[in-house]
Every structure is written in C-alpha cells, then in structure tokens.
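**Q** Provided below for reference: sequence and predicted model.
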Amino acid sequence: MNYNQTLEFLFQSLPAFESQGASGYKPGLERITAFCRHLGNPQRNFFTIHVAGTNGKGSVAHIIASVLQQAGYRTGLFTSPHLQDFRERIRVDGEMIPKQKVVNFVDKHHDKMVELKLSFFEMTAALAFDYFAQSDVEVAVIETGLGGRLDATNIIVPILSVITNIGLEHTALLGDTLQKIATEKAGIIKKSIPVLIGEADNRYNDVFEQVAAANKSKVIYAEQVFRCEEQRNEGNRQFFRMRRTRDEREFDVELDLQGNYQRRNIVTASAAVDFLHEETPLTISRRAYIEGLRCAAANTALQGRWQKLAEAPLTICDTGHNAHGIAWVAEQLKATPHKELYCVIGFVRDKDLAHILPLLPREAHYIFTQAHTERALPAGELTEKAAIYGLHGEAVPEVTAAVARARELAAPEDMIFIGGSTYVVAEAL
C-alpha cells in the first residue's frame, strides 16, 4: 500500500469517532492492551505525561512538550484530532511522523489490527507508542482522545496525570452531569501517581479527591502552585506575569499562542512543569521553561487557537467547540475591537446546541456552513436552530465558499470569526 491507500484503510476500515461519531467510539482497554502486547509494549520504553480534560488539553500538552524539548529531552507528542494532515497527531521534537513509517506500520500489523477489530483511535495510539519507542523518545506527552477511564491511551503508566477542567461534552458517551464526566476523566488517575487538576471547581473536586484517595495518589491544584497576575497582548504574542506560590518567585513569560483562555492553560502547564522538575527524574531549568513557552506553537506546530488568518478585515479562527470553550470565544469576540462581525459557523450533529447557541453574539451576521464529514449538521438545519436563539444570517454549505462570502461582505474595519467545529477550522486553514 502507498501512503494514501494506507490512510484510506485507516479511515474506512477501522471505525473512527471523528467521522462516525458515537458508532466509531469503542470504549474499553482489551483491544489496545492485546495489540500493544503484540508490539512488545512500546509504551513502557519512555516516561509519559497523560493529559485529559474537556478544554485546553491540546494547548497544555503542546506547551509541556515544547518546554521538555527546550530542556533537551527527545520528546514525543500524541494529540488529536488533526487539522490538515493525519501525521500532526504524532510528533517527535515537533516533527511529524514520516509517511513511510505510517505505511510500514500498517503493512506489518494489518492482519492483527483487523483480527482485533481495532478502532481508528486505538490503531493511532499504538502507532504513536511504537514510533516513539523506535525514535528513542525519552519522554512523551499523551493526550486522551475522549474521556479517560476507557480511552485507548489509558494503558500508559505516567509520571504525572493532568486533568485540565471539566465541562459538559459528549454527554451521550461520558454522562450527563459534571460529576459523571469527572468520574470518566478521573479514570486516568493511577496508583501512587500524582494528578494535577488545572481548574478546581466545587462541583467536581470531590470526585477527583475520592478517586485519588482510593489510589493513594496526591492531588495538586494548579491554581495553588502558580497564579497569573498580569496578561497582555502585543501583536501575535501574549505576555504573562506568573507567580509561584511556594516561594513567591516571579516569572515574566511570553507565549506565541493567542486566546485569552491561554491564561488558564499557562497556569496548568506551569504547575505541571514545576512538578516534573521538583518531583521526577526530569530536570527543567528556568530558561527551558521560559523558552518553551515563548516558542510553544513554533516548536510543536500548534494551530487553530485564536489564530489570526488575516488583518483587514481581522480574521480569526478557533477550534473551541463546546459550551465551555465557546463561552471563552464569545467573551473574546466581545473584547476585540471591530465594526461589524461576521461569523462563519458550523457544528457536528451531536453538539448540545441548546447550551452553545445562546452564548454566541446576537448582533453578528452569521454564515452557517458544514464541513465535509458525515457528522456535520447540515447548514440549513443549523440556520433554523440558530434562529430560535436570535442568531440570523445565511446558509452556505461549503466552508471555503462560506469564508469567501464573509470576505465579500466584510469591510476592512470589520471582523470575521471562523469556528464552531474543528472540521470547519481545518477546512478554512
């Protein structure tokens, strides 16, 4: 098989949550455990940091990986979904896995994958573990796909577990309350392995405390380790004044990622880095921490986080796609100077629009669209649902045509926002 045929096999033959939704989600660790055993358990060959959470886990994982790279460690990074290229999911020191490695892996293990009826995500996680082991990775940052307890990545035994925050998402699969979702995410807590909670919340702290106590694992709340005292934007960078609680030490840091919500992620990532330096065999200097933040996007090629695509009109895309993430986006839209606002928006079918649509600005002109995925909510249907919440505009079913329409309508002093779904952002990019 060549690379394109290999990708076709992965996407077509193996169920994928990204394209099929719930029917592509195969919870349970039996298949991935059996497959990794067949591979020789490559996930045991390097240190790992396991990152779960409703929002921010991608940014936090990329920031931690960038800092580890700057500290001189050969660093693996496994994240999902990808925006433009499947290989974005698997990186070593910021470089994507070579196409030939993907082809060779699938050629070699094709029969076993079919025999075990692996899901797309299980195969991808195993490919990442195998590639990291072959590449002499010393430490890997592993982001969960969905949930935690039954996620394919949960066969690793990390040196630190990180849970960024909990919001209502994938309720049909993870539960319909914050406590139920927290229970699923808490499933990544391992015996005697500390867990770092990015955003404490009285509605779910108890869940983490109880699971951690049962596992004799220490709970660390990021906000008790670091606090962000100042945040300002200059061009495409953000500047933060961070204060470490235990010694009141100040760190003036810059981050090459936009989005006001990065204020939360930088606290979580800073606390994680501090723990790794203080409590594990890893050594991370102050310089590596500062440089890792300054070059986080550059080192790891992270895209789609309040990313500026054009100046006049100011055009921004963001992958926030649930109520928790859209609330941050809506707040920043309000705070960004502009005359008229044009929003190119599309969602997948299983999103809880009753909680999302009321958060979006009513005064904007909407261009409702749909991405090329079976899961996309048709643009016409979205237009009708949005009208119930006072959001009005037009339907343009193709993302590229919808973006072109927004550019046609917008004057230089206006603003265009593209988002609602990772797939919409991917096609806009």
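**A** Now that the structure is in, tell me what you want to look at. Numbering: from 1, shown residues only.
**Q** So, low pLDDT: which residues of the chain?
**A** Along the chain, the parts satisfying pLDDT under 70 run over 13-27, 168-176.
**Q** Do you have the helices of the stretch 251-400 of the chain handy? List them.
**A** Using DSSP state H, counting those that start in this stretch, the helices of the stretch 251-400 of the chain run over 262-279, 286-294, 296-300, 323-335, 353-356, 379-388, 399-409.
**Q** Any buried residues in the longest one, and which?
**A** Which is helix 262-279. 262, 264-277 (16 or more other C-beta atoms under 10 Å). Placement of C-beta: from N, CA and C, glycine included.
**Q** buried stuff in stretch 145-164?
**A** Quick answer for stretch 145-164 (16+ other C-beta under 10 Å): 145-156, 158-164.
**Q** no no, stretch 282-289
**A** Buried, per 16+ other C-beta under 10 Å, within stretch 282-289: Leu282, Ile284, Ala288, Tyr289.
**Q** was I right about the last one contacting Leu68?
**A** I take that to be Tyr289. No - with contact defined as C-beta atoms under 8 Å, Tyr289 does not reach Leu68; the gap is 10.2 Å.
**Q** Just give me the residue closest to the centre of this structure.
**A** Compute the mean C-alpha point of the chain, and by C-alpha atoms, centre = their mean the closest residue is Gly58, 2.8 Å away.
**Q** Against Leu333, how distant is the residue lying closest to it once chain neighbours are set aside?
**A** Nearest residue to Gly58, sequence neighbours excluded (C-beta to C-beta, 6 or more residues apart in numbering): Thr79, at 5.6 Å. Going from Thr79 to Leu333 by C-beta to C-beta, to the nearest Å gives 26 Å.
**Q** When those two are compared, which one has more neighbours?
**A** The neighbour count for Thr79 versus Leu333, taken as other C-beta atoms under 10 Å, is higher for Thr79 (24 against 20).
**Q** pretty sure that one is touching Ala140, no?
**A** No - contact criterion C-beta under 8 Å: Thr79 and Ala140 do not qualify, at 11.0 Å.
**Q** thought Gly28 was touching Leu150?
**A** Yes - using C-beta under 8 Å, Gly28 is in contact with Leu150, at 5.6 Å.
**Q** Which residues are in contact with Ile367?
**A** Residues near Ile367 by C-beta atoms under 8 Å, 6 or more residues apart in numbering: Tyr342, Cys343, Val344, Ile345, Gly393, Glu394, Ala395, Val396, Ala402, Arg405, Ala406.
**Q** How much space separates it from Ile418?
**A** 9 Å.
**Q** Give me the common contacts of the two.
**A** Common neighbours of Ile367 and Ile418 (C-beta under 8 Å, 6+ apart) are Cys343, Val344, Ile345, Ala406.
**Q** Out of the residues you listed, grab the one that's most surrounded.
**A** Val344 leads the shared contacts of Ile367 and Ile418 on contacts (other C-beta under 10 Å) with 28 neighbours.
**Q** correct me, but that residue touches Phe417?
**A** Yes - taking C-beta under 8 Å as the definition, Val344 is a contact partner of Phe417 at 7.1 Å.
**Q** Give me the buried positions along the helix or strand Ala213 falls within.
**A** Using DSSP states H and E, Ala213 sits in helix 205-214. Buried positions in helix 205-214, judged by neighbour count with 16+ other C-beta under 10 Å: Val207, Phe208, Val211, Ala212.
**Q** Then stretch 330-341?
**A** So stretch 330-341, judged by 16+ other C-beta under 10 Å, has buried residues Ala330, Gln332, Leu333, His338, Leu341.
**Q** what's the burial count for the closest residue to the first one other than its chain neighbours?
**A** Leaving aside its chain neighbours, Ala330 sits nearest to Leu359 (4.8 Å; criterion: C-beta to C-beta, 6+ apart). Summarising burial for Leu359: neighbours were counted as other C-beta under 10 Å, giving 16.
**Q** Export only the CA atoms of stretch 356-366, formatted as PDB.
**A** Output in PDB follows, covering the C-alpha atoms of stretch 356-366 (Å, rounded to 0.1, in the frame of the first residue of the first chain):
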ATOM      1  CA  ILE A 356     -23.900  26.600  22.900                       C
ATOM      2  CA  LEU A 357     -26.000  28.900  20.600                       C
ATOM      3  CA  PRO A 358     -27.200  31.300  23.400                       C
ATOM      4  CA  LEU A 359     -23.600  32.100  24.100                       C
ATOM      5  CA  LEU A 360     -22.900  33.500  20.600                       C
ATOM      6  CA  PRO A 361     -23.200  37.200  19.900                       C
ATOM      7  CA  ARG A 362     -26.700  38.100  18.500                       C
ATOM      8  CA  GLU A 363     -25.500  41.300  16.700                       C
ATOM      9  CA  ALA A 364     -23.300  39.300  14.300                       C
ATOM     10  CA  HIS A 365     -24.200  38.300  10.700                       C
ATOM     11  CA  TYR A 366     -23.900  34.500  10.500                       C
END
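**Q** if we look at that stretch, which residues are touching it?
**A** 322-323, 326-327, 330, 333-334, 340-343, 345, 347, 383, 385-386, 388-394, 409, 417.
**Q** May I see the buried residues of it?
**A** So stretch 356-366, judged by 16+ other C-beta under 10 Å, has buried residues Ile356, Leu357, Leu359, Leu360, Ala364, His365, Tyr366.
**Q** Distance to Lys308 added to those residues, as TSV?
**A** What follows is the buried residues of stretch 356-366, written out as TSV (distance: C-beta to C-beta, whole Å):
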residue	distance to Lys308
Ile356	23
Leu357	25
Leu359	22
Leu360	20
Ala364	18
His365	20
Tyr366	21
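**Q** Out of those, flag the one nearest to Gly235.
**A** For the buried residues of stretch 356-366, the residue nearest Gly235 by C-beta to C-beta is Ala364; the value is 25.1 Å.
**Q** For the closest one, give me phi and psi.
**A** phi -80, psi 160 (degrees, to the nearest 10).
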